[in-house]
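In: how does the following fold in three dimensions:
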Amino acid sequence: MRASPTAALLAALLPLAASAADAPARPARLGLCAACHGETGMAQVPGAPNLAGQRLDYLREALKQYRDGRRAAPLMRAAIGPVGDADLDALARWYSAQTPQAPRP
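Out: Below you'll find the model as predicted:
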């Protein structure tokens with residue numbers, strides 16, 4: 001028996017829907033980060049690292065270290081100094097869920 005075109009379409013779209021449902025919400029504090037690291041985690045300025053696709057636990061810990069002064073980066077400390085754990089977690093989740101892109105020529 002052959003599947004109907006509608007059933008085939010639904011079967012093809014189901015993984016995409018599940019993926020979208022798992023995607024984190026855009027963090028409220030993304031704006032300042034996006035100025036250097038890009039909204040999707042691809043750096044917008046020279047010297048800023050790409051964050052897209054980095055491991056969640058790494059990003060979460062790195063952000064805490066910048067905020068708490070355990071990593072010496074005055075710009076990062078100023079940018080996220082007043083940010084609480086919940087917001088740092090949201091930023092880490094956002095950037096870890098982004099897909100890295102190839103650099104543009």
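
In: what does stretch 65-83 contact?
Out: Residues outside stretch 65-83 that contact it (CB atoms under 8 Å, 6 or more residues apart in numbering): Arg29, Leu32, Cys33, Ala62, Leu63, Lys64, Leu88, Leu91. (Each C-beta comes from the backbone N, C-alpha and C, glycine too.)

In: end to end, how far does that stretch reach?
Out: Terminal residues of stretch 65-83 lie 12 Å apart, using CA to CA, to the nearest Å.

In: flag the shaky bits of the chain, pLDDT-wise.
Out: Residues of the chain meeting the criterion pLDDT under 70: 1-21, 104-105.

In: tell me the centre residue of it?
Out: Nearest to the geometric centre of the chain sits Tyr95, at 1.2 Å (CA atoms, centre = their mean).

In: would you agree it is in contact with Gln54?
Out: Yes. With contact defined as CB atoms under 8 Å, Tyr95 counts as touching Gln54 (6.3 Å).

In: overlap in contacts, those two.
Out: Shared contacts of Tyr95 and Gln54 (CB under 8 Å, 6+ apart): Gly41.

In: how close does Ala78 get to Ala86?
Out: Ala78 sits 20 Å away from Ala86, going by CB to CB, to the nearest Å.

In: same thing with Ala73?
Out: According to CB to CB, Ala73 stands 22 Å off from Ala86.

In: compare the two and say which is more crowded by neighbours.
Out: Taking neighbours as other CB atoms under 10 Å, Ala73 and Ala86 compare with Ala73 leading, 13 against 9.

In: could you measure from the more buried one over to Pro49?
Out: 11 Å.

In: for the closest residue to Tyr95 other than its chain neighbours, what are phi and psi?
Out: Leaving aside its chain neighbours, Tyr95 sits nearest to Leu51 (4.0 Å; criterion: CB to CB, 6 or more residues apart in numbering). Torsion angles at Leu51 (phi, psi; degrees, to the nearest 10) stand at phi -110, psi -10.

In: I am finished for the moment; much appreciated.
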